[in-house]
Structures are given as structure tokens and as C-alpha cells.
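Got a sequence here, can you model it:
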Amino acid sequence: YNRFTNTYRNQSRFCMYGFNYIFLAPLRIPTEKRNRPHAINYAVSEPHSFDDAEDPSGTIFYIESKRAMDDTSRGSFVVNAPGMWRPFAENVNGLLAFWGGTLGSGDWVGTKTACATEETPCPDPQPSTNFVSTGYNDGANPTFLDGHVKYMKAAALAAGTDYATAVAGSQGDSGSGARIVNKKEYLWDLNGNYYGQ
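Numbering: from 1, shown residues only. Got it, this is the predicted structure:
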């Protein structure tokens, strides 16, 4: 065993589906712990029940996670909802973001890097979308709280946000990523009192 390498067969391998944790069971850092070194170690979860959902058929439960058989794109057990970069960056409510280390990986952005030309709108595909895999025909198959599954492209998954025009920035930059602009179309929140409003 070598703790710096994947010497166990399944070490550092994660599931192929990511949970919509930020609205269903968010991790928070308590206010009194936020300025401590390694504050993430004090994070606690806040589970919600399905009864909290105003629209179970319009709320994403879990979705295909990024995964690969190499060390560059492992799966993830959670995904960040689109439009959540501002509360992450501003540490509103002490919410935790899972950041992949690349531009746009802390939030959803319809980057021009995926487009043929700068003049052509290109919200799909999104190669840096928060641990969500949109690799199958530029889309994914989310499961909703009521149990139904539906194939959707990245732009449809980010409905209710300014995903198509959002610009990627660096981690911690409040000007990065999509913003929630229409909560009636948004597919990730349990109810109208979503974070980041």
C-alpha cells in the first residue's frame, strides 16, 4: 500500500451518479468555524425530506457523474447545481462547493471554448460542468424526485440560469459562472427559498 498512489483496485473510484446535494442535503460550515484553518473539516449536513419539494417532477435528484478509468476524470458522488457560484464564492450560509481546479468547474458556464466560432452560440456541450457528465451525445439522464428519468442537454439542465452567456473565471471569483434568473424554470431547488436568491 502506498498512500500517494492508487494501489488498491477501487481506491479513489467513485460512483457514476452524482447527488444534487446542495439543495437536498447541503454541507455547511458553521459560522463560528468559517475562519479556522481547514474549515471544511467542520462541515455538517442538513438533510431535507422529499416533502420539502414543491415540484418533485421538476426537481433533479441525481444525475450522471463524470467518470473515467484513468486518474484525470473520476466520478463524483455529488454535483453542484448550476447558478450557485455566487453563494459559494461569497460563502453565503457557509455552503461548500466541490471545485475541480479548472475554469468553470465550480459552476456551470456555456464557454466559447466548446464552440466552432465565437459568433456561434454554443451552450452545448459543457466540458467543465461541475462533475456532471454530459459526454453521452452532449447530454445526461437526470433522475427527478418523482422517479422519472429524462435525457437532457447541458443548456436544458441549466434552465432558469444565464448559462449560455455565463463567463468562466477563477475559483473564488464572484463574477464567475451562471446566475439563477428564473426560479420557475430552475430544476435543482426544492422550493422557492433556494440558496443564492
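
any idea what sits nearest residue 20, other than its immediate chain neighbours?
The shortest distance from residue 20 to any non-neighbouring residue, by Cβ to Cβ, 6 or more residues apart in numbering, is to residue 60 (5.0 Å). Just so you know, the C-beta spots here come from the backbone N, C-alpha and C atoms, and that holds for glycine as well.

Next, the contact list for the one you found, please.
For residue 60, the contact set (Cβ atoms under 8 Å, 6 or more residues apart in numbering) comprises 20, 81, 142-145, 157, 187-188.

which stretches of the protein form strands?
17-19, 27-28, 44-45, 60-64, 139-140, 143-144, 152-153 (DSSP state E).

Redo these as TSV? Include distance to residue 168 and mean pLDDT.
What follows is these, written out as TSV (distance: least, Cβ to Cβ, whole Å; pLDDT from 0 to 100):
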stretch	distance to residue 168	mean pLDDT
strand 17-19	20	89
strand 27-28	23	88
strand 44-45	28	90
strand 60-64	20	94
strand 139-140	20	86
strand 143-144	27	97
strand 152-153	19	90
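
need those strands in TSV with distance to residue 132, can you?
Listed next are the strands of the chain as TSV, based on distance: least, Cβ to Cβ, whole Å:
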stretch	distance to residue 132
strand 17-19	7
strand 27-28	18
strand 44-45	21
strand 60-64	6
strand 139-140	6
strand 143-144	13
strand 152-153	10
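
If anything else comes up later, I'll come back, but that's it for now.
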